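[1] next one to model:
(one chain, ligands or ions: 1)
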Amino acid sequence: MKVCRVCGRKKDAKRWLIPTPKEVALAELMSRLEPVHCEDCLRNPLAHSAVLQVRGMEKDDLEKIILEELVKTDKKGRREKVVPKGQNYQLSSKSMAKRIGKKMKDLGARIKVTSKLVTYDTQSGRQVTRLTVRAVFEFAPGDVVEYKDQVYLVEKIMGGFIYTKVGKKFRSKDATKIEVARQKGFYISQNPPIVFIEETGESLEVKEKGKGKVEVIKYKDKIWVK
Ligand SMILES: [Zn+2]
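    Numbering: from 1, shown residues only. All right, here's what the predicted structure looks like:
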């Protein structure tokens with residue numbers, strides 16, 4: 001049984017998996033334990049074959065997705081590395097970067113994938129390239145957008161579509177983001193629903209009933225609470 005000296009995983013056909021203590025003990029007893037280095041541990045830790053650039057998404061949400069992918073590849077027997085570098089992430093796997101890019105696209109990001117020649121591997125006679133996956137979220141929940149002369153509050157973005165609070169759905173590429181005033185407030189009445197704006201001292205009647213602190217978003221004669 002081939003076992004990696006560094007990570008302790010055993011070779012199972014083409015995959016590297018964590019062996020049970022019993023498996024290791026048995027292999028040791030039978031003198032079948034062969035210490036080796038797996039491909040993942042042999043790889044230069046400074047080398048990365050992909051760069052992930054995500055803009056307009058919360059760091060926690062992004063890192064949750066990255067972690068899910070890491071767990072998934074680990075289960076398949078490949079140990080990938082992700083190293084944060086400033087706003088970006090360096091990945092040891094191109095396919096993992098692509099899969100994350102696909103997820104970002106499904107969530108409504110604009111994706112751009114570029115490949116750059118890094119060096120030429122004289123031993124294998126192959127070109128070594130680095131992949132950059134750039135995902136930009138132009139819109140976020142709570143944004144106000146204009147679509148066909150109407151303004152809407154964005155509820156969520158999925159699969160390239162914007163879903164609004166009033167149940168309208170349209171392609172994000174057809175929408176334009178509008179800069180709006182945002183103020184902090186809190187409900188002072190339920191019937192009718194009235195929100196008090198701390199900054200200006202004004203009381204505004206709003207459409208939605210609610211409780212406690214809210215963000216008041218104003219654009220022309222429209223008022224939303226979030
Ligand atoms: Zn290893």
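
[2] against Gly160, how distant is Lys105?
    7 Å (C-beta to C-beta, to the nearest Å). No exception for glycine: its C-beta is placed from N, CA and C like everyone else's.

[3] point to the residue nearest the middle of the protein.
    Per C-alpha atoms, centre = their mean, the C-alpha nearest to the average position across the chain is that of Leu62, at 2.9 Å.

[4] SS state for that residue?
    Secondary structure, DSSP: H, G, I helix; E, B strand; the rest coil: Leu62 is helix.

[5] that one: what's it in contact with?
    By C-beta atoms under 8 Å, 6 or more residues apart in numbering, the contact set of Leu62 is Val54.

[6] who's in contact with the helix or strand bottoming out on mean pLDDT in the chain?
    Across the helices and strands of the chain, mean pLDDT, DSSP states H and E gives its lowest value to helix 39-42, namely a mean of 80. Contacts to helix 39-42, defined as C-beta under 8 Å, 6+ apart, come from residues Cys4, Arg5, Val6, Cys7, Trp16, Arg78, Arg79, Glu80, Ser92.

[7] residues near the fourth one, how many?
    Using other C-beta atoms under 10 Å, the number of residues around Cys7 comes to 13.

[8] okay, it and the ion: tell me how far apart.
    Distance check for Cys7 against the ion: by C-beta to the ion, to the nearest Å, it reads 3 Å.

[9] for Lys22, same thing?
    Lys22 is 20 Å from the ion, where distance means C-beta to the ion.

[10] average pLDDT across the helix or strand hosting that residue?
    For Lys22, the host element (DSSP states H and E) is helix 21-29. If you average the pLDDT over helix 21-29, you get 91.

[11] contacting residues around Lys226?
    By C-beta under 8 Å, 6+ apart, Lys226 lies in contact with Gly142, Leu153, Val214, Glu215, Val216, Ile217.

[12] for it, give me the pLDDT.
    pLDDT for Lys226: 86.

[13] quickly list the domain ranges of the chain.
    What the record gives for the chain is the domain set 1-42, 44-137, 138-179, 180-226, from automatic domain parsing.

[14] get me the contact residues on this protein for the ion.
    Residues of the chain lying close to the ion by C-beta under 5 Å from the ion are Cys4, Val6, Cys7, Cys38, Cys41.

[15] which among those residues end up buried?
    Among the residues of the chain next to the ion, those classed as buried by 16 or more other C-beta atoms under 10 Å are Cys4, Cys38, Cys41.

[16] which non-adjacent residue is nearest the last one?
    Taking C-beta to C-beta, 6 or more residues apart in numbering as the measure, Cys41 lies nearest to Val6, with 3.9 Å between them; neighbours along the chain are not counted.
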